[in-house]
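Chemist: structure of the sequence below:
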Amino acid sequence: MISALYILHSVDLHLEYQSSEILLHKVYHDDLYDTQKILAGFDSEYKRQLPESRLPFINIKGLNYVYLRSENDLIFLVVTRANIDTMSTIFFLHSFSKLVKHYLCEKTKTKRDIAFDRDVILDNVYFIYELLDECMDVGIIQTTDYNILKEYIKIMPNIPRLRADDSDEEQLDTEEDTHKSKDKDLKSVKSTHNQAIKTDIIPVEDTFINSSILRASSSSINWRPKGIFYAKNEIFVDMIENCDFYYDLQKDHIIRNEVNGNLHVKCYLSGMPTCTIGFNETKISSIENDEIEVERSGNQLKVDDEIDDQDDQAIVKEKKHIPFRNIQFHQCVQLDSIYHNNLMKFIPPDDTFILMSYQVEQQKQKRKLPLIMIKPTYRIKEKEKKLQILVILSTQFRKRLHAKNLHIRLPINPLLFQVKMDEDLKYKTELGSVSYQVDKSEIIWNIDNITGNNPSIKMMAELSIDDSDIDLNKIESTLQNSFDHYEDDDDDAWDENEEAKRELDQYYGVNGAQTSSIQEIQKKIRKIKQFNDIKITFNIPMLSYTGLRLNFLKVEEEEMKYTCFPWIRYTTVSEPNPQTNIYKFKLGSNCFQLE
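Modeler: Modelled structure (predicted):
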């Protein structure tokens, strides 16, 4: 049983004089003494431990601290004297932090992302208290399912508007979208408390609460209430695989090649349906069972992948299994059906949820080649004071597939090259466009659409650089010791008055100040500690990189017995996320040439 819950903000907690700031807290039992003493003990013990030896729970003089460190220095902390289940408490903190972030940061009508930070928490203190009242009762965990809580909580969070420096056009677009969405919502929102009334329209401003929610929260299937009705029954399944790839160009070797996959489901089904999904992988549960014979008939979707190439036919004959690890299922999944029948059987929650997440280490599958491969060459012409960058791009996926929104970021190390902006960037490419980003010192190669099985696509860019003594030894030393060459610049030691005066002189061009801010930007980017990696982002629809596919999808509803329309989509992406998944290449000294 939990005695108190805190949300803290800890900036520079490693400093001796710094302490955590309490953003909000809720006390459930009076078995705790002064709050300040409790947090002082937590801060001192947290500072005493080394970063690599910190555990998510601490015991101090009979007090148990269970905490979860979130993004932007936020800490979700639980304090109790009882001997509670630690793992369930950590899971609750993780789910509650995701729930708060979903309400405050993701459910926005603005086109800009809202950071999950201290200011957002302080602006929505009463809203978070409302969430806590529904998620926890007298220190006992109840539920953190958004699909259930959205029927209880009818107050709106305090979401900040667009900032003053945003463009007027973006604000106008947001206002137009808001007016359109109001009319659309008034026509499309339907009540779920009566299946017989199909045209019962509920206004958006209404605070109607589904009465069956009260029964659902206490039943064994507490993630889905009864009485849900849709005129058209559909289920959408999106298999999204995010690549985590790292390649060493110096050693011509793959350092890391992993995939983090998620099975996103949008469910718009009436009643209490039972869904069954079958995969092409016979060892999804990591338990060997080759004698599986299951009758697959009825309302189902059979997905057969076309095999065009001879190599793919040989792969199918080999019957290699996908090396899954860290598989996590939604609570609605019946695990016994996976272990015995290798089928995923579940009663889905309403609306959107993640059915399954998994990880696959592609290095164990030697037949898996990198989806996109590049070979860069930095050619330094000292006499002409030019830097030429030649890149050869090749794709390794099927020709009938297309990679969308391909962005290649080529770093220009400011410790080696001082770029002059007197001349424009010159480039020549077979596909896409090229630009130079000054504030990050990167050349960006953008390709909107590229086909698979393309052996060679070339791009060459040229920049003007200042005189500098560059040799291969200096390049190799800078690449290996890039973290040791950055020092604080004395020019940054300005007080507020001098800084304001300098900005005014620069703006009006007086006292010999230049109106361009390029030099100041180049000074700042020298403090960035990473210029050794080429980063790539892309999106490849209809591709499952791991080879996992859905061969079978069946929806059954005993009472209504309706016809369902299932939709399945596969996508392989490379997008940075909080787990730092990204597709990148490490530069080596063999990528540079002196002429």
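Chemist: the helices in the stretch 401-550 of the chain, which residues?
Modeler: 472-480, 496-508, 518-525 (DSSP state H, counting those that start in this stretch).
Chemist: from the chain's centroid, how far away is the first one?
Modeler: Its chain's C-alpha centre lies 34 Å from the corresponding centre of helix 472-480 when counted by C-alpha atoms, centre = their mean, to the nearest Å.
Chemist: and that helix, what does it pack onto?
Modeler: strand 592-594 (3 or more C-beta pairs under 8 Å, 6 or more residues apart in numbering; DSSP states H and E). (Each C-beta comes from the backbone N, C-alpha and C, glycine too.)
Chemist: sheet-wise, list the partners of the strand it packs on with their directions.
Modeler: Strand 592-594 has its sheet partners listed here by DSSP bridges as strand 372-381 (parallel).
Chemist: what about the partner strand, average pLDDT?
Modeler: What strand 372-381 shows for mean pLDDT is 92.
Chemist: next: stretch 323-334.
Modeler: Rounded mean pLDDT across stretch 323-334 is 88.
Chemist: and the contacts of that stretch?
Modeler: 221, 223-224, 281, 283-284, 286, 335, 338, 344-349, 353-361, 364-365 (C-beta atoms under 8 Å, 6 or more residues apart in numbering).
Chemist: which of those are buried?
Modeler: 223-224, 281, 284, 338, 344-349, 353, 355-356, 358-361, 365 (16 or more other C-beta atoms under 10 Å).
Chemist: so which of the residues you listed are in helices?
Modeler: I338 (DSSP state H).
Chemist: shaky segments in the chain?
Modeler: 11-18, 107-113, 160-219, 283, 285-320, 364-367, 422, 467-469, 481-530, 577-581 (pLDDT under 70).
Chemist: now I141: closest residue in space, sequence neighbours ignored.
Modeler: F92 (5.0 Å; C-beta to C-beta, 6 or more residues apart in numbering).
Chemist: swap in L369?
Modeler: That would be Q396: by C-beta to C-beta, 6+ apart, it lies 4.4 Å from L369.
Chemist: ok, back up a step: okay, now the residue nearest to I141: neighbour count?
Modeler: Around F92 there are 23 other residues, counting by other C-beta atoms under 10 Å.
Chemist: try S70
Modeler: Using other C-beta under 10 Å as the criterion, the residues surrounding S70 number 19.
Chemist: quick check: buried residues in stretch 409-416?
Modeler: If you call a residue buried by 16+ other C-beta under 10 Å, then stretch 409-416 has these buried ones: R409, L410, P411, I412, N413, P414, L416.
Chemist: Y126 belongs to a helix?
Modeler: Yes - counting by DSSP: H, G, I helix; E, B strand; the rest coil, Y126 is found in a helix.
Chemist: any idea how far it is from D145?
Modeler: 22 Å (C-beta to C-beta, to the nearest Å).
Chemist: looking at those two, which has the bigger crowd around it?
Modeler: Neighbour comparison, Y126 and D145: the larger count goes to D145, with 21 against 11 (by other C-beta under 10 Å).
Chemist: domain map for the chain?
Modeler: Using automatic domain parsing, the domains assigned to the chain come out as 4-152, 189-229, 234-368+545-574, 372-483+515-537.
Chemist: quick one: which of those domains is nearest F592?
Modeler: domain 372-483+515-537 (4.7 Å; C-beta to C-beta).
Chemist: what about that closest one, start to end distance?
Modeler: 10 Å (C-alpha to C-alpha, to the nearest Å).
Chemist: phi and psi next, for the nearest residue to R81 once chain neighbours are set aside.
Modeler: Leaving aside its sequence neighbours, R81 sits nearest to D31 (C-beta to C-beta, 6+ apart; 5.5 Å). Torsion angles at D31 (phi, psi; degrees, to the nearest 10) stand at phi -90, psi 10.
Chemist: what of the one 5 residues further on?
Modeler: In this entry, Q36 is assigned phi and psi values of phi -60, psi -40 (degrees, to the nearest 10).
Chemist: check the one 10 residues further on too.
Modeler: According to degrees, to the nearest 10, the main-chain angles of Y46 amount to phi -70, psi -40.
Chemist: that one reaches I60, doesn't it?
Modeler: No - contact criterion C-beta atoms under 8 Å: Y46 and I60 do not qualify, at 10.3 Å.
Chemist: circling back to that earlier point, my guess is the residue nearest to L369 meets I374, correct?
Modeler: No - counting by C-beta under 8 Å, Q396 does not reach I374; the two are 11.7 Å apart.
Chemist: the more surrounded of those two?
Modeler: The neighbour comparison of Q396 against I374 (other C-beta under 10 Å) goes to I374, with 19 against 14.
Chemist: what bridges to the more buried one?
Modeler: L393.
Chemist: measure it to T478 for me?
Modeler: For I374, the distance to T478 - C-beta to C-beta - is 21 Å.
Chemist: same question, M136
Modeler: Look at M136 and T478: by C-beta to C-beta, they are 53 Å apart.
Chemist: ok, now S44?
Modeler: Distance from S44 to T478, by C-beta to C-beta: 41 Å.
Chemist: what does F538 give?
Modeler: From F538 to T478 the distance is 29 Å (C-beta to C-beta).
Chemist: more neighbours: which of these two?
Modeler: Using other C-beta under 10 Å as the criterion, F538 and T478 rank with F538 on top: 21 against 18.
Chemist: quick one: residues contacting that one.
Modeler: L371, I372, A403, K404, N405, L406, H407, V573, S574, Y583.
Chemist: let's see it at 6 Å
Modeler: Counting by C-beta atoms under 6 Å, 6 or more residues apart in numbering, F538 touches A403, L406, S574.
Chemist: in a markdown table, list those along with neighbour count and distance to I153.
Modeler: Formatted as a markdown table, those follow (neighbours: other C-beta atoms under 10 Å; distance: C-beta to C-beta, whole Å):
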| residue | neighbour count | distance to I153 |
| --- | --- | --- |
| A403 | 24 | 41 |
| L406 | 23 | 41 |
| S574 | 24 | 36 |
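Chemist: just put these in CSV and tack on distance to K251.
Modeler: CSV is the format used below for these (distance: C-beta to C-beta, whole Å):
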residue, distance to K251
A403, 26
L406, 25
S574, 22
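Chemist: just curious, which of these is nearest to L122?
Modeler: So of the contacts of F538, ranked by how close each gets to L122 (C-beta to C-beta), first place is S574, at 35.2 Å.
Chemist: what about N222, neighbour count?
Modeler: Counted with other C-beta under 10 Å, residues neighbouring N222 total 17.
Chemist: distance of it from I148?
Modeler: Taken as C-beta to C-beta, the span from N222 to I148 is 7 Å.
Chemist: repeat for C275
Modeler: In terms of C-beta to C-beta, C275 sits 19 Å off from I148.
Chemist: and these two? which has more neighbours close in?
Modeler: A direct count of neighbours by other C-beta under 10 Å for C275 and I148 places C275 higher, at 24 against 21.
Chemist: mind listing residues that contact whichever helix or strand that one is part of?
Modeler: Assigned by DSSP states H and E, C275 belongs to strand 274-279. When contacts are defined by C-beta under 6 Å, 6+ apart, strand 274-279 is touched by residues 343-348, 550-556.
Chemist: using PDB, write out the CA atom coordinates for that strand.
Modeler: Output in PDB follows, covering the C-alpha atoms of strand 274-279 (Å, rounded to 0.1, in the frame of the first residue of the first chain):
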ATOM      1  CA  THR A 274     -12.800 -11.900 -29.800                       C
ATOM      2  CA  CYS A 275      -9.900 -11.400 -32.200                       C
ATOM      3  CA  THR A 276      -7.400 -14.100 -33.300                       C
ATOM      4  CA  ILE A 277      -4.200 -13.300 -35.100                       C
ATOM      5  CA  GLY A 278      -1.800 -15.800 -36.600                       C
ATOM      6  CA  PHE A 279       1.800 -15.100 -37.600                       C
END
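Chemist: can you give me the buried ones in that strand?
Modeler: Under 16+ other C-beta under 10 Å, the buried positions of strand 274-279 are C275, T276, I277, G278, F279.
Chemist: same question, stretch 329-338
Modeler: By neighbour count on 16+ other C-beta under 10 Å, the buried set for stretch 329-338 is F329, H330, C332, V333, Q334, S337, I338.
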